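In: Okay, here's the prediction I keep looking at, along with the sequence it came from:
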Amino acid sequence: MPNDTSLTPNMIQEIPWSQTVQAIKDSVAFTDFATFRAHLETTLPYNSAYTRVRYTSTILRYFFPNASLDNLLRHIWAVYQDDQILEDLMHYQLLSQESTLAQFVLSRLAPLPPGSVIEKSVLEAFIQEIDPKDRSKMVDRLGKILRRIGFMMRERQKNVVAQLNPAKTSLLILIHHLFAPTPRIVPLAEILTHPFWRYLGFRDEETIRYILHEAGAQELIAGYAIVDQLEQITTRYSLEVWLEQALQL
């Protein structure tokens, strides 16, 4: 779930998205977190040492929040070497850490079909709603971040809702990470009421049901059933096995 910590718009940090993708890939080569941090501070593609240090702090804050290389994103890249899966899980990681972005995605973007225009007034009203001060710079920053991470795009000088195409495997990895690190029964309601699948870019509950039925048919989960009128899944493998065997749907 999004952090409960109240974040005002002036706490939204610019996200160096492509540099973060590369940083996560680079992290696989390191065994010591301090050495990895020093690597970022010296190799991020900015001329200013101050800027490299600042963006290193942003990358580590959002994507290595426990100051450790024992990190799901790092493990995912080491195992799958799949850019789509990596960026899907980066979306989840960022929005689970940054509640302001998460609120906007859930309340303004998720209900709309791809291609819908997001007028600047929508961004302005959102910023005004969560912090009733003059935040014109934060309106621009919010739009820029959402475009950079792929939730919005520019068409004819307008912001529009982007069509994300998350991998089915990304959904299953996070179900195991969040609900069933070891095999267990998971009520479907627990999955559907959690925002993680919307953070990935899935748009409706029926798509989640379809993917879970497909996972059951391919024996990636033990079953999908309705018991006493309650939908539930039973997982077959632990998260550890998913990562060891690089299971995919």
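Out: In hand now; what should we look at? Numbers count the residues shown, from 1 in each chain.
In: so how far is residue 89 from the closest residue in space to residue 40 that isn't next to it in sequence?
Out: Excluding its sequence neighbours, the residue lying closest to residue 40 (Cβ to Cβ, 6 or more residues apart in numbering) is residue 56, at 4.2 Å. (Each C-beta comes from the backbone N, C-alpha and C, glycine too.) Residue 56 sits 20 Å away from residue 89, going by Cβ to Cβ, to the nearest Å.
In: got it, and residue 168?
Out: Taking Cβ to Cβ, one finds residue 168 at 13 Å from residue 89.
In: Name the residue in those two with the higher neighbour count.
Out: residue 89 (27 against 20; other Cβ atoms under 10 Å).
In: quick one, helices of this structure?
Out: 17-27, 33-43, 49-63, 72-80, 83-97, 99-104, 120-130, 136-148, 168-178, 188-193, 196-200, 205-217, 239-245 (DSSP state H).
In: Go through those helices and name the closest to residue 158.
Out: Taking Cβ to Cβ, helix 120-130 is the member of the helices of the chain nearest to residue 158, at 8.9 Å.
In: helices or strands next to that closest one in the packing?
Out: Other helices and strands packing on helix 120-130, by 3 or more Cβ pairs under 8 Å, 6 or more residues apart in numbering; DSSP states H and E, are helix 99-104, helix 136-148.
In: try 7 Å this time
Out: helix 136-148 (3 or more Cβ pairs under 7 Å, 6 or more residues apart in numbering; DSSP states H and E).
In: For the helix it packs on, list the C-alpha coordinates in PDB.
Out: Extracted in PDB, the C-alpha atoms of helix 136-148 (Å, rounded to 0.1, in the frame of the first residue of the first chain):
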ATOM      1  CA  SER A 136       2.800  26.000 -10.200                       C
ATOM      2  CA  LYS A 137       6.300  24.500 -10.300                       C
ATOM      3  CA  MET A 138       5.000  21.400  -8.700                       C
ATOM      4  CA  VAL A 139       2.300  21.100 -11.400                       C
ATOM      5  CA  ASP A 140       5.000  21.100 -14.100                       C
ATOM      6  CA  ARG A 141       7.100  18.600 -12.100                       C
ATOM      7  CA  LEU A 142       4.300  16.200 -11.600                       C
ATOM      8  CA  GLY A 143       3.500  16.200 -15.300                       C
ATOM      9  CA  LYS A 144       7.100  15.700 -16.200                       C
ATOM     10  CA  ILE A 145       7.600  12.800 -13.800                       C
ATOM     11  CA  LEU A 146       4.500  11.000 -15.000                       C
ATOM     12  CA  ARG A 147       5.600  11.300 -18.600                       C
ATOM     13  CA  ARG A 148       9.100  10.200 -17.800                       C
END
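In: Good, wrapping up.
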